[in-house]
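Engineer: Task: produce atomic coordinates for the following.
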Amino acid sequence: PLPLKTIDRENGIIRGVVLAEVGHIKDGRGQFSRRSMQAIEKIVNDKPNGLKSRFTHPTLSDDGLGSYLGRVSNARVDNHRVIGDLTFDRTAFNTPKGDLATYVMDLAESDPEAINMSLVVGGEDLEKIEIEGEPDIWIPHSLHAVDAVDTGAATNSFLSIDSTLDRNVRRGCEVLDAAFPNMNRDEVRQRALSWLEKDLSYRYEIGRAHV
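Structural biologist: Coordinates of the predicted model:
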């Protein structure tokens, strides 16, 4: 079950929607870092009315009119991701495309993995930090919208429910931060890869030798 008041139908709010996560953009164009999360948090919170949200991205033949959902506000960095609260506009309950607000709330409640949020950011609004052998790190300077879509480029879930996967990611980050403080990216990478190789060796190669 979802946490109490995650989906607040009385007030037309979904709390804790995932806007972006640390890691590679799914199409390989770039990646988000913790600094990216902080930048997104600030951009959203600096908007007096919040960040615009629509039902799917507009296309060349559809400018998005009639798909407006509302505004995302109260952004906050939650470890490896940034989350916010989606407040539906009253018009989202009666659009030319139907009751989109109720549909999104119903879907989020019944199957939150079937819907994601996706940021809309232009190339001119990005600072790109080059990382040798990896996609550039993207630091947004402005955002146009965050839309409800089938599959998000930088998210893996719609709601910030503390699933087993999320808990494991949190624990892993905490272990790495405590074990490798004050190290640069390459140093942490090498130490972590060394740990991984040892784990794989113990788990599979040594275990198989005793079978």
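Engineer: Which SSE is immediately downstream of the helix or strand where V72 lies?
Structural biologist: Element membership for V72 (DSSP states H and E) is strand 68-78. Next helix or strand after strand 68-78 toward the C-terminus (DSSP H and E): strand 81-88.
Engineer: Please, where are all the helices along the chain?
Structural biologist: When secondary structure is read from DSSP state H, the chain shows helices at 34-46, 100-110, 164-179, 185-200, 207-209.
Engineer: Show the average pLDDT along the shortest one.
Structural biologist: Meaning helix 207-209. Averaged across helix 207-209, pLDDT comes to 46.
Engineer: low-scoring pLDDT stretches of the protein, where are they?
Structural biologist: Regions of the chain meeting the criterion pLDDT under 70 cover residues 1-5, 59-63, 123, 156-171, 205-211.
Engineer: follow-up on the earlier one: can you list the strands that the strand holding V72 pairs with?
Structural biologist: strand 51-54 (antiparallel), strand 81-88 (antiparallel) (DSSP bridges).
Engineer: Quick one: those as JSON lines, columns for distance to A75 too.
Structural biologist: Just so you know, the C-beta spots here come from the backbone N, C-alpha and C atoms, and that holds for glycine as well. Below are the strands paired with strand 68-78 laid out as JSON lines (distance: least, CB to CB, whole Å):
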{"stretch": "strand 51-54", "distance to A75": "8"}
{"stretch": "strand 81-88", "distance to A75": "4"}
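Engineer: Out of those, flag the one nearest D147.
Structural biologist: strand 51-54 (4.7 Å; CB to CB).
Engineer: Report the angle between the strand holding V72 and helix 100-110.
Structural biologist: If you take axes from the mean of the first three to the mean of the last three CA atoms, to 10 degrees, strand 68-78 sits at 40 degrees to helix 100-110.
Engineer: List of residues touching strand 68-78?
Structural biologist: 12, 17, 19, 34, 37-38, 40-41, 44-45, 47, 49-55, 82-89, 91-92, 95, 100-101, 104, 117, 146, 148, 160 (CB atoms under 8 Å, 6 or more residues apart in numbering).
Engineer: and E10, how many neighbours?
Structural biologist: Using other CB atoms under 10 Å, E10 is surrounded by 6 other residues.
Engineer: From V72, how far off is K47?
Structural biologist: 9 Å (CB to CB, to the nearest Å).
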